[in-house]
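Colleague: My questions concern the predicted model and sequence given below.
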Amino acid sequence: MDAMDNHKGIASGGRPGLEAVMYPAEPQTLQELGLPSLFLAHLTLKHCFYMDFFTLGDLVERLKVSASILSEVLEYLKKSKWVEVRGPDPMHLMVSSLTLANRHSLTDAGRAHAALLTDYDAYTGPAPVVLKDYWRQVTSQTIGKVGVSPGRIQRVLEGLVLSGEVPEQLGVAAVSGKPLFLYGPPGNGKTAVCQRFGRVWEDDILVPYALFVDGQVIQIFDEITHVPSKAAAPEGERVDRRWLRCRRPVVTVGGELTLDMLDLAYKSTLKYFEAPLQLKANNGVFVVDDFGRQQISPQELLNRWIIPLETRQDFLRLRTGQKFAVPFDQFIIFATNLEPRTLVDEAFLRRLRSKVKVDYVNREQFVEIFQLFCDQYHLEYDPAAVEYLLSRYYDDGKRPLTACHPRDLLEQILDYCRYYQLAPSLTPENIDRACHSYFVT
């Protein structure tokens, strides 16, 4: 079986109605694995450094590489006098293969060499995948190929009160896979829409633990960004376990975003790289919330991404100066409450295919939101009290009907009643008190 055959994939079932995840087949030779034999030997030796005794089975589990490959590596380490056999593992005497059951340990020379290797590069995770295999997998599970239905958008946005055309515009944007520019006055649901968008795509993808590029390791899997799926790998099939089945990732950044966060981060204490945010977000959603309020100017950020948005590939640089291309495959949302034309020019707005405005709500929507939050907070809804609020504080036209006001005013009332240990209620007195504390006059 050649290297291309190894990546035909093995289908693993997903949730009903969804396309199966295609696992790469488990490599059985070093050629299929694609990693240099010396790199794999050194990575194995570093794993051994953290175990007093180990079996071939232990190494298979830690490196996620087949026993046939690691048995070759283990033989090389023994010939190099870095590893020695210590006899059968008494806990596994019933194992049919003595090769799997034999206990090994590092020699003094092996321990000294492993310590030097760890000092140079402390990565001791599963074996990384090579760049060409990463490209192949990301391309095969691109977010742009996944269908999004009106029913799905409706379910995802359930509980949000939006003007009639907004859900449709969001659905069309999701189907396109092209960047979405979400704008409008503050407090009307842009952040809530962004938070819901991570649920639009129901299928799973495969994420590698790490990537191998020009002799360097780049850690991609991130426990905060990547949520492992509950679905299991196909039974009875040898799949490449260097890939972890996860939900499509959602990365959200706000005012803390800097240009450095979009480049490889070298961990000086561990001597390997961590993937930038957009690499972790591949095949998922990347949200830039409060766009225009970052520590970098909007123009700097857009200049950094203008080529990736056009070509669907990004370029990263190692400390050695080596530059390489990686896939740039994510649904990007720019959300802002600033005037769009003060942030970007027409040339960039043209590249943002979908532009959706989330505006102030009307009177009927304001009342609907008030009812929804009364239900959520188990507070009896009183239409007369809401009418009092609207006529006294909004009907003069000096204050816009903002979608977040019902929630915030109700929380003010609940906080006051909890402070004085009173039963919460919608009364004109409580409404006046909440408005006096909440609104700036």
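Modeller: That came through, no problem.
Colleague: quick one: low-confidence ranges for the protein?
Modeller: Applying pLDDT under 70 to the chain flags residues 1-9, 11-19, 89-101, 232-236.
Colleague: So for it, the centremost residue is which one?
Modeller: With distances taken as Cα atoms, centre = their mean, Pro249 lies nearest the centre of the chain, 2.8 Å away.
Colleague: what's the distance between that one and Ile205?
Modeller: Pro249 is 8 Å from Ile205, where distance means Cβ to Cβ, to the nearest Å. Every C-beta, even on glycine, is put in place using the N, C-alpha and C of the backbone.
Colleague: tell me which residues form a beta bridge with the spatially closest residue to Gln313 that is not a sequence neighbour?
Modeller: Using Cβ to Cβ, 6 or more residues apart in numbering and skipping residues adjacent in sequence, the residue nearest Gln313 is Ala325, 4.9 Å away. With DSSP bridges applied, Ala325 shows beta-bridge pairing to Phe315.
Colleague: The residue nearest to Leu63 when sequence neighbours are not counted: what's it in contact with?
Modeller: Of all residues not flanking Leu63 in the chain, Ala127 sits nearest, at 4.8 Å (Cβ to Cβ, 6+ apart). The contact partners of Ala127, taken as Cβ atoms under 8 Å, 6 or more residues apart in numbering, are Leu33, Leu35, Leu40, Leu43, Leu63, Lys64, Val65, Ala210, Arg242.
Colleague: if we can go back for a sec, what about the residue nearest to Gln313, distance to Leu131?
Modeller: 8 Å.
Colleague: can you check Gly151 too?
Modeller: On the measure of Cβ to Cβ, Gly151 and Leu131 end up 38 Å apart.
Colleague: Which one's more surrounded, the two?
Modeller: A direct count of neighbours by other Cβ atoms under 10 Å for Gly151 and Leu131 places Leu131 higher, at 18 against 9.
Colleague: if I pick that one, what's in contact with it?
Modeller: Leu211, Phe212, Val213, Phe324, Val326.
Colleague: other SSEs contacting whichever strand or helix holds Phe348?
Modeller: Using DSSP states H and E, the element containing Phe348 is helix 346-351. In terms of contacts (3 or more Cβ pairs under 8 Å, 6 or more residues apart in numbering; DSSP states H and E), helix 346-351 is packed against helix 298-311.
Colleague: Only the buried residues of the helix it packs on, if you could.
Modeller: Buried residues in helix 298-311, defined by neighbour count with 16 or more other Cβ atoms under 10 Å: Pro298, Leu301, Leu302, Trp305, Pro308, Leu309.
Colleague: same thing with stretch 162-177?
Modeller: Leu162, Val166, Pro167, Gln169, Leu170, Gly171, Val172, Ala173, Ala174, Val175, Gly177.
Colleague: possible to save these as TSV with distance to Glu223 and secondary structure?
Modeller: Shown next, in TSV, are the buried residues of stretch 162-177 (distance: Cβ to Cβ, whole Å; DSSP: H, G, I helix; E, B strand; the rest coil):
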residue	distance to Glu223	secondary structure
Leu162	33	coil
Val166	34	helix
Pro167	33	helix
Gln169	34	helix
Leu170	29	helix
Gly171	31	helix
Val172	34	helix
Ala173	29	helix
Ala174	26	helix
Val175	30	helix
Gly177	26	coil
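Colleague: any idea how far the residue nearest to Leu63 lies from Ile69?
Modeller: In terms of Cβ to Cβ, Ala127 sits 9 Å off from Ile69.
Colleague: can you check Arg155 too?
Modeller: Between Arg155 and Ile69 the computed distance is 45 Å (Cβ to Cβ).
Colleague: out of the two, which sits in the more crowded spot?
Modeller: Comparing Arg155 with Ile69 by neighbour count (other Cβ under 10 Å), the higher total belongs to Ile69, at 24 against 12.
Colleague: does that one count as helix, strand or coil?
Modeller: helix (DSSP: H, G, I helix; E, B strand; the rest coil).
Colleague: can you tell me which residues contact the nearest residue to Ala192 once chain neighbours are set aside?
Modeller: Once flanking residues are discounted, Ala192 sits nearest to Leu160: 5.8 Å by Cβ to Cβ, 6+ apart. Taking Cβ under 8 Å, 6+ apart as the criterion, Leu160 is in contact with Gly189, Ala192, Val193, Arg196.
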